[in-house]
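**Q** Just to be clear, the model below is a prediction. Sequence and coordinates:
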Amino acid sequence: MTAARGGLAAVLLLFATHTGAGARAHIAIIIDDLGYQLDAGRRAIALPGPLAFGVIPGAPRATTLARHAHESGKEVLVHLPLQANSEETTRDPVSIELDMSRERVGTVFEEALESVPHAVGVNGHRGSLLTRHPGHMQWLMEEISAREDLFFVDSFTTHHSVALQVAAEAGVDAIKRDVFLDPDHSVETVEREFARMKRLALRRGQVVAIGHPYGATLDLLERELPELEREGFELVRISEMVR
């Protein structure tokens, strides 16, 4: 991490020179896949700062952890399972699939909302197949639009996703994920992607990152999140960034 920190310090100096000392790059972080493991979920919710938490509807601990996150002042998202390209060996209790009718999509979405109280938005779980289909995404955006206080975050599991385009057409506030902090569970990967997140934030002015309640991810975030402000970043709520 020493070399990475040295390189980042140089980038920070360049950023300050070009944008002024008061400028801060914004970072929004979502921790997904809450709902199955109670202890890992609680540890994630205890992380410092205005993180958001994607809770899988219908999971055994979904309602409990959604309420705990809300009571802790954190934002809650419905981490809605959407059909993926590959055949999964395990299935989530609530999911939107391509063989569903318009009416069934609405019913499933309502079930998901009931399972995850205090949700301010929706983001996709998997979804590499369904997010490529304008018809089903239109149905989903119609459901989100009917509840004016909700927004959508595209987890962007495929570059062929049409989610942002369909959301715009439906008048739904939406944004996409820029970085996965932990595409695998290794310490080296999480450290590399966290550093990449900061570089992207400096270059673009803002970045959306998604992580999961893995041990390596939580270890790093517990250590590094308190340092972000000192390094010139501002951790913001995902709702602020998407609006």
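**A** Perfect, thanks for sending it.

**Q** For this structure, which strand extends over the most residues?
**A** Counting residues, the longest strand in the chain under DSSP state E turns out to be strand 25-34.

**Q** just the CA coordinates of that strand, formatted as PDB?
**A** Provided in PDB are the C-alpha atoms of strand 25-34 (Å, rounded to 0.1, in the frame of the first residue of the first chain):
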ATOM      1  CA  ALA A  25     -14.100  14.500  -4.900                       C
ATOM      2  CA  HIS A  26     -17.300  12.700  -3.900                       C
ATOM      3  CA  ILE A  27     -17.500   9.000  -3.200                       C
ATOM      4  CA  ALA A  28     -20.600   7.000  -2.600                       C
ATOM      5  CA  ILE A  29     -20.300   3.500  -1.300                       C
ATOM      6  CA  ILE A  30     -22.900   0.800  -1.300                       C
ATOM      7  CA  ILE A  31     -22.500  -2.500   0.600                       C
ATOM      8  CA  ASP A  32     -24.600  -5.100  -1.100                       C
ATOM      9  CA  ASP A  33     -25.900  -8.600  -0.300                       C
ATOM     10  CA  LEU A  34     -27.100  -8.000   3.300                       C
END
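
**Q** Can you give the strand pairings for it, parallel or anti for each?
**A** Strand 25-34 has the following strand partners under DSSP bridges: strand 52-55 (parallel), strand 206-211 (parallel), strand 233-235 (parallel).

**Q** in stretch 133-152, what counts as buried?
**A** 133, 136-144, 150-152 (16 or more other Cβ atoms under 10 Å). Every residue, glycine included, has its C-beta placed from N, CA and C.

**Q** Sorry, wrong one. I was asking about stretch 221-236.
**A** Buried residues in stretch 221-236, counted by 16+ other Cβ under 10 Å: 221, 224-225, 228, 232-236.

**Q** Quick one, which of these has the minimum pLDDT?
**A** Lowest in pLDDT among the buried residues of stretch 221-236 is Gly232, which has 93.

**Q** Turn the buried residues of stretch 133-152 into CSV, columns for pLDDT and distance to Pro117.
**A** Compiled in CSV, the buried residues of stretch 133-152 are given as follows (pLDDT from 0 to 100; distance: Cβ to Cβ, whole Å):
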residue, pLDDT, distance to Pro117
His133, 90, 29
His136, 94, 25
Met137, 94, 25
Gln138, 97, 27
Trp139, 97, 23
Leu140, 97, 20
Met141, 96, 22
Glu142, 97, 22
Glu143, 97, 17
Ile144, 97, 17
Leu150, 97, 13
Phe151, 98, 17
Phe152, 97, 19
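
**Q** Can you list which of those are found in strands?
**A** Per DSSP E, the subset of those in strands is 151-152.

**Q** Among the buried residues of stretch 133-152, which one lies nearest to Gly54?
**A** Distances from Gly54 to the buried residues of stretch 133-152, taken as Cβ to Cβ, are shortest for Phe152 (11.9 Å).

**Q** coming back round to it: out of the buried residues of stretch 133-152, the closest to Ser101 would be?
**A** Taking Cβ to Cβ as the measure, Trp139 is the one of the buried residues of stretch 133-152 closest to Ser101, at 9.1 Å.
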